[in-house]
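With the sequence up front, the predicted model follows.
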Amino acid sequence: MRRMKVIASLGQVTLPTWRQRHSGYTVLVVPETTTLPTELTRPVDITLDRIGSLIRDARRHRGWTQAKLADALGTSQSAVNRIEQGNQNLSVELLGRISAALDSEIVSIGPAGPAGPPHLRVEGGRRLSGSIGVKTSKNACVGLLCASLLNRGRTTLRAVARIEEVDRILEVLHSIGVKTRWLSGGNDLEITPPRELDLDSMDIAAARRTRSIIMFLAPLMHDRERFELPYAGGCDLGTRTVEPHMIALRPFGLDVKATGGTYRVERNRDVQPVRPVVLTERGDTVTENAIMAAARRDGVTVIANASSNYMVQDLCFFLSDLGVRIDGIGTTRLTIRGVPVIDRDVDYSPAPDPIEAMSLLTAGIVTESEITIQRVPIEFLEIELAVLEEMGLVCERGPEYFAANGRTRLVDLTTKPSILHAPIDKIHPMPFPGLNIDNLPFFALIAATAHGTTLVHDWVYENRALHLTEMTKLGAKVALMDPHRLHITGPTHWSAAEVICPPALRPAVTILLAMLAAKGTSVLRNVYMINRGYEQLAERLTELGASIEVFRDQ
């Protein structure tokens, strides 16, 4: 049996512990003959069957079958089975492809030290104070970047969140010929399309690292009868079918086949909607794809059971500025009169992010602090605030004003230290205007601070409830009833701990916020996932009085 050496950066958990946790842990796999300074690494001999076990555990943790991993790698299921059994020789190139496919740096090829993943060291138990503004919506910005492909003119987006998710989309846009530049080194982004997109040069690695690539389907179908997109990646939230997207786009003549890790797309221009396009799932990105498909159709399209969530409204406002007429914005039934050719210079300001606002509100609650959160899009947090006030939260609201887009209503909120009690009913998400699915993890954390037991029901994602059990490492009493339901009993006497960042964005932030409440020194490892969706969150919380240090293993 050929042997390899696994290098784990100093300070990280041992390999057996990592295998039990199934987290987004970073290891370096090198040939056994490789020598590295002992002060930088802890070498552990490992056979191919143990490497196979790591890959198998990561695949299962993501909810993938062997066949799905085989598709992502462009190989056969039997080859994946041999790899997981330790019966397949592994090249550095293949290990890198497996790591990219599983999208959590479970196996990474590269050095420790400055190039390694970032971690956070948190001195918890401190009260926060002061004011903090809500940044522009991550989900809106990503959708608008995809929608910019509809426009032959120059698109300028204001105050764009400079986060990893945006960077991935920009890398894909650059690779197919789109020019972008940050104006004056700030957060305003100018986007200029080429005369013709070069899809053959698409950055596949960047595309695989974001689920948002699925929103390229509708913009590209207007100018291409055939094209390919890689399978989408992103957060580990369980199996999320793309079939709702196909149902939304088939009435426009789009046919998609998934083979060899790629979506192969063909469009029949003779096929057009003859009745309202009814979405079987009121999903945000599904609705955005349907809207973008209708935006350049020469005619009127009705979309029924549409999401009316914040990022969908931002997309509608943006397209309205481009001359597309959309009636019913903010409702579940949209009527869209498309423009076959969109060629207009547009300047648009996305609205602030209601999920980030909820994150900051949670930070104030769990640290029992008085902080003011500025630019809160109140329309998208009304249910959340109603639930919190029923639980006992004291929160002051300022007068309403409009966001820079002139449509989204904002307020400033000030949290007050409050004694919370568990709600009588369970907490569960619903499509907007219900409690936002992305805010559910924050309610799990808030429930851990409240007196009594709360049932949290995440009926949307298969794996995310499992990630929320990581709060137990910080002292929370969390009982996993099934893959979707948690019983959380509070109040929690938080204690410092070292935790590897969950491979899903909102649960990862939940762990960071819990660490703010835990007295002592906590460490959150490999926070790339947080950087995907939040701009300088640690630095901004520090300005409120938190003690958070960013570091890398040396």
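That came through, no problem. For clarity, every value in this text was computed on a predicted model and none was experimentally measured.

Where does pLDDT dip in the stretch 201-350 of the chain?
232-241, 260 (pLDDT under 70).

90 instead, please
For the stretch 201-350 of the chain, the stretches flagged by pLDDT under 90 are 204-212, 229-246, 256-264, 281-283.

Show the contacting residues for D343.
Counting by Cβ atoms under 8 Å, 6 or more residues apart in numbering, D343 makes contact with 151-153. Quick note: C-beta positions are derived from backbone N, CA and C, even for glycine.

Quick check on these: which are buried?
N151 (16 or more other Cβ atoms under 10 Å).

Just the closest of the contacts of D343 to L455, please.
Nearest to L455 out of those is N151 (Cβ to Cβ; 46.1 Å).

any idea how far that closest one is from L145?
Going from N151 to L145 by Cβ to Cβ, to the nearest Å gives 11 Å.

same question, L381
L381 is 25 Å from L145, where distance means Cβ to Cβ.

the more surrounded of the two?
Taking neighbours as other Cβ atoms under 10 Å, L381 and L145 compare with L145 leading, 26 against 22.

For P219, give its distance to A295.
Noted for P219: a distance of 9 Å to A295, by Cβ to Cβ.

Could you name every residue contacting both of these two?
Joint contacts of P219 and A295 (Cβ under 8 Å, 6+ apart) are 147, 150.

And these two? Which one has more around it.
Between P219 and A295, counted using other Cβ under 10 Å, the more crowded position is A295 (28 against 21).

Name the nearest residue to that one, ignoring sequence neighbours.
Distance criterion Cβ to Cβ, 6 or more residues apart in numbering; nearest residue to A295, sequence neighbours excluded, is V324 at 4.9 Å.

Now do the strands in the stretch 301-450 of the chain.
In the stretch 301-450 of the chain, the segments counted as strands under DSSP state E, counting those that start in this stretch are 325-327, 333-337, 346-348, 370-377, 394-397, 401-402, 409-416.

Neighbouring strands of the last one in the sheet, and parallel or not?
Strand 409-416 sits in its sheet next to strand 370-377 (antiparallel), strand 394-397 (antiparallel), strand 401-402 (antiparallel), going by DSSP bridges.

what comes up buried for it?
Buried residues in strand 409-416, counting neighbours by 16+ other Cβ under 10 Å, are found at 410-415.

before we move on, what about the third one?
Neighbour-count burial for strand 346-348 flags 346, 348 (criterion: 16+ other Cβ under 10 Å).

end-to-end on stretch 70-80?
End-to-end distance for stretch 70-80: 6 Å, by Cα to Cα, to the nearest Å.

For it, give the mean pLDDT please.
What stretch 70-80 shows for mean pLDDT is 80.

Then stretch 461-468?
Averaged across stretch 461-468, pLDDT comes to 76.

Alpha carbons of that stretch, in PDB - could you do that?
In PDB, the C-alpha atoms belonging to stretch 461-468 read as follows (Å, rounded to 0.1, in the frame of the first residue of the first chain):
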ATOM      1  CA  TYR A 461     -32.500  22.100   4.400                       C
ATOM      2  CA  GLU A 462     -31.500  18.500   5.300                       C
ATOM      3  CA  ASN A 463     -28.200  19.300   7.000                       C
ATOM      4  CA  ARG A 464     -28.400  22.700   8.600                       C
ATOM      5  CA  ALA A 465     -30.000  21.600  11.900                       C
ATOM      6  CA  LEU A 466     -27.000  19.300  12.300                       C
ATOM      7  CA  HIS A 467     -24.600  22.200  12.000                       C
ATOM      8  CA  LEU A 468     -26.500  24.100  14.700                       C
END
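
for the stretch 101-250 of the chain, what spans make up the strands?
Here the stretch 101-250 of the chain has its strands, by DSSP E, counting those that start in this stretch, at 119-124, 129-133, 155-157, 179-183, 188-192, 226-230.

L69: which of those strands is closest?
Taking Cβ to Cβ, strand 226-230 is the member of the strands of the stretch 101-250 of the chain nearest to L69, at 14.2 Å.

What's the end-to-end length of stretch 271-282?
This stretch, stretch 271-282, spans 23 Å end to end (Cα to Cα).

buried set for that stretch?
By 16+ other Cβ under 10 Å, the buried positions in stretch 271-282 come out as 273, 277, 279, 281-282.

now stretch 483-491
By neighbour count with 16+ other Cβ under 10 Å, stretch 483-491 contains the buried residues 484-486, 488-491.

picking that back up, out of the strands paired with strand 409-416, which is closest to L102?
Nearest to L102 among the strands paired with strand 409-416 is strand 370-377 (34.4 Å), distances taken as Cβ to Cβ.

got the CA positions of the closest one in PDB?
Extracted in PDB, the C-alpha atoms of strand 370-377 (Å, rounded to 0.1, in the frame of the first residue of the first chain):
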ATOM      1  CA  GLU A 370     -27.300  48.200  23.900                       C
ATOM      2  CA  ILE A 371     -26.300  48.800  20.300                       C
ATOM      3  CA  THR A 372     -27.900  50.800  17.400                       C
ATOM      4  CA  ILE A 373     -28.200  49.100  14.100                       C
ATOM      5  CA  GLN A 374     -28.500  51.600  11.200                       C
ATOM      6  CA  ARG A 375     -30.200  51.100   7.800                       C
ATOM      7  CA  VAL A 376     -32.300  48.100   8.700                       C
ATOM      8  CA  PRO A 377     -34.700  47.100   5.900                       C
END
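
how far does it sit from the chain's center?
Centroid displacement of strand 370-377 relative to its chain, using Cα atoms, centre = their mean, to the nearest Å, is 22 Å.

Check stretch 500-514 too.
Relative to its parent chain, stretch 500-514 has a centroid offset of 11 Å by Cα atoms, centre = their mean.

Kindly export that stretch (C-alpha atoms) in PDB.
Extracted in PDB, the C-alpha atoms of stretch 500-514 (Å, rounded to 0.1, in the frame of the first residue of the first chain):
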ATOM      1  CA  ILE A 500     -14.100  24.400  13.400                       C
ATOM      2  CA  CYS A 501     -16.300  26.700  11.300                       C
ATOM      3  CA  PRO A 502     -19.500  24.800  10.000                       C
ATOM      4  CA  PRO A 503     -19.500  24.500   6.200                       C
ATOM      5  CA  ALA A 504     -22.700  26.700   5.900                       C
ATOM      6  CA  LEU A 505     -22.800  30.400   6.100                       C
ATOM      7  CA  ARG A 506     -25.500  31.300   8.700                       C
ATOM      8  CA  PRO A 507     -24.600  28.500  11.200                       C
ATOM      9  CA  ALA A 508     -21.000  29.600  11.000                       C
ATOM     10  CA  VAL A 509     -21.900  33.200  12.000                       C
ATOM     11  CA  THR A 510     -24.100  31.800  14.700                       C
ATOM     12  CA  ILE A 511     -21.100  30.100  16.300                       C
ATOM     13  CA  LEU A 512     -19.100  33.300  16.100                       C
ATOM     14  CA  LEU A 513     -21.900  35.200  17.800                       C
ATOM     15  CA  ALA A 514     -22.200  32.600  20.500                       C
END
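
quick one: average pLDDT of that stretch?
Regarding stretch 500-514, the rounded mean pLDDT is 90.

Likewise for stretch 388-402?
Averaging pLDDT along stretch 388-402 gives 97.

which one of the strands paired with strand 409-416 lies closest to G520?
Proximity to G520 (Cβ to Cβ) singles out strand 370-377 among the strands paired with strand 409-416, at 22.1 Å.

what's next to that closest one, contact-wise?
Against strand 370-377 from outside (Cβ under 8 Å, 6+ apart): 128-134, 310, 351-354, 357, 360-361, 363-364, 403, 408-417, 544.

Can you check what angle separates that strand from strand 129-133?
Angle, strand 370-377 to strand 129-133, by axes from the mean of the first three to the mean of the last three Cα atoms, to 10 degrees: 10 degrees.

from now on call the first residue 24
With 24 as the first residue, the last one maps to strand 393-400.

do you know how far the nearest residue to F465 once chain neighbours are set aside is from L564?
Spatial nearest neighbour of F465, excluding adjacent residues (Cβ to Cβ, 6+ apart): T385 at 4.3 Å. From T385 across to L564, the span is 11 Å (Cβ to Cβ).
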